[in-house]
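1. Just a sequence and a predicted model for now, questions to come.
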Amino acid sequence: MGRIALKIDVDTLRGTREGVPNLARMLDRAHARATFLFSLGPDHTGWALRRVFRPGFLKKVSRTSVVEHYGIKTLMYGVLLPGPDIGRRAASQMRAIRDAGFECGIHTWDHVLWHDNVRERDQEWTVEQMTSSYRRYAEVFGAPPPTHGAAGWQMNEYAFQQIDTWGMRYASDGRGDGPYRPCVNGEPLRHVQLPTTLPTFDEVLGVDGIDESTIAGKLLELTTDDGDHVFTLHAELEGQKLAPAFERLLAGWRAQGHQLVAMSDYHAALDLSKVPNADIAWGEVPGRSGELIIQPPAL
């Protein structure tokens with residue numbers, strides 16, 4: 001069978017402190033590798049409440065029990081409580097994941113700020129945000145980050161170019177069907193994008209009666225062939241309340257014969273001469289509100 005690259009987005013302080021160690025234990029039991037992508041600056045999760053007026057946001061919130069998964073305190077960060085500095089407060093938990101043998105990389109500096117603004121921002125703002133995350137990563141880990149996975153699959157052309165400037169060989173910043181080199185102004189960049197290919201738990205829960213007891217089966221229906229996939233999970237969801245469902249999914253993938261790998265493993269197995277080029281594009285994904293980076297037809 002194929003490879004399933006496990007990409008873990010860590011959005012919050014609580015997710016870093018609680019969800020990340022839980023996931024590491026589950027992955028270890030399943031003999032699975034994975035890539036943890038950390039938010040490295042302030043936790044302003046409460047700012048996300050401003051999205052309440054966006055089409056589809058309330059519907060998603062009602063399906064995924066945001067308060068249950070994130071907790072009242074986290075939802076107050078940036079609103080009634082100051083946003084804690086995740087990279088300062090949870091550096092030891094981040095290093096513990098690296099020391100346990102898992103790949104680590106950058107998710108973002110300020111998750112909500114990036115998610116809600118990057119599409120319309122200029123090069124100066126974009127590079128400043130990315131540089132803050134890069135410097136903090138190097139401070140925490142004592143080494144440069146190997147990869148990047150954008151918050152909310154939100155990017156702009158300057159962000160894609162910055163990944164090349166850093167010399168990263170691969171990143172996972174959007175949704176799609178398979179590896180490609182993104183193009184800016186018609187010119188392909190050097191790094192390879194490894195887009196998320198499978199729906200996430202929060203996009204599927206509550207749709208057509210799918211609940212925590214059946215969601216693993218739904219995902220397993222999509223991985224019965226021998227193709228490669230990238231699955232994005234969240235420390236705040238699969239690392240906490242949805243942990244039993246994720247463990248069932250891991251066991252199911254093992255039973256199907258898939259290799260459970262990190263992003264670096266997936267990239268290392270590619271024939272880079274066959275990776276196509278594709279323009280940067282925006283589009284909608286079922287179960288998620290708003291537009292995000294998607295993979296258009298190859299050039």
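-> Happy to help now that I have it.
2. just the helices in the stretch 101-250 of the chain please.
-> Counting by DSSP state H, counting those that start in this stretch, one finds helices in the stretch 101-250 of the chain at the ranges 111-117, 123-141, 157-166, 201-204, 215-220, 243-256.
3. out of these, which comes closest to Arg98?
-> Arg98 lies closest to helix 123-141 among the helices of the stretch 101-250 of the chain, at 6.0 Å (Cβ to Cβ). Glycine gets a C-beta too; all of them are placed from N, C-alpha and C.
4. Can you tell me which helices and strands that closest one packs against?
-> The contact analysis (3 or more Cβ pairs under 8 Å, 6 or more residues apart in numbering; DSSP states H and E) places helix 123-141 against helix 86-89, helix 91-99, strand 103-108, helix 111-117, helix 157-166.
5. switch the cut-off to 10 Å
-> Contact partners of helix 123-141 among helices and strands, from 3 or more Cβ pairs under 10 Å, 6 or more residues apart in numbering; DSSP states H and E: strand 35-39, helix 86-89, helix 91-99, strand 103-108, helix 111-117, helix 157-166.
6. just the ones you listed: most buried one?
-> strand 35-39 (a mean of 28; mean count of other Cβ atoms under 10 Å).
7. Sheet partners, orientation included, of that one?
-> strand 3-10 (parallel), strand 103-108 (parallel) (DSSP bridges).
8. Next, the angle from the longest one to helix 91-99.
-> Our comparison of strand 3-10 with helix 91-99, counting by axes from the mean of the first three to the mean of the last three Cα atoms, to 10 degrees, yields an angle of 170 degrees.
9. what about Phe36, distance to Ile106?
-> Look at Phe36 and Ile106: by Cβ to Cβ, to the nearest Å, they are 10 Å apart.
10. Low-confidence regions, the stretch 151-299 of the chain specifically.
-> By pLDDT under 70, the weakly predicted segments of the stretch 151-299 of the chain are 299.
11. Could you pull out the strands in it for me?
-> Shown for the stretch 151-299 of the chain, the strands assigned by DSSP state E, counting those that start in this stretch span residues 170-171, 181-184, 187-188, 192-193, 229-234, 259-261, 277-279, 281-283, 292-294.
12. any idea which of those is most buried?
-> When these are scored by mean count of other Cβ under 10 Å, the highest mean neighbour count falls to strand 170-171 (a mean of 26).
13. What strands line up against that one, and which way round?
-> Applying DSSP bridges, one finds strand 170-171 paired with strand 192-193 (parallel).
14. who touches the strand it pairs with?
-> 155, 160, 163, 168-174, 176, 178-182, 266-267, 270, 272, 275, 278, 280, 293, 295 (Cβ atoms under 10 Å, 6 or more residues apart in numbering).
15. And that strand, how far out from the chain middle?
-> 14 Å (Cα atoms, centre = their mean, to the nearest Å).
16. Same check on stretch 273-285?
-> When C-alpha coordinates are averaged (Cα atoms, centre = their mean), stretch 273-285 and its chain have centres 17 Å apart.
17. Check the separation of the first and last residues in that stretch.
-> Start-to-end span of stretch 273-285 (Cα to Cα, to the nearest Å) is 29 Å.
18. which residues does the residue nearest to Leu260 when sequence neighbours are not counted contact?
-> Spatial nearest neighbour of Leu260, excluding adjacent residues (Cβ to Cβ, 6 or more residues apart in numbering): Ala32 at 3.6 Å. Neighbour list for Ala32: 4, 6, 23, 26, 102, 250, 253-254, 258-262 [criterion: Cβ under 10 Å, 6+ apart].
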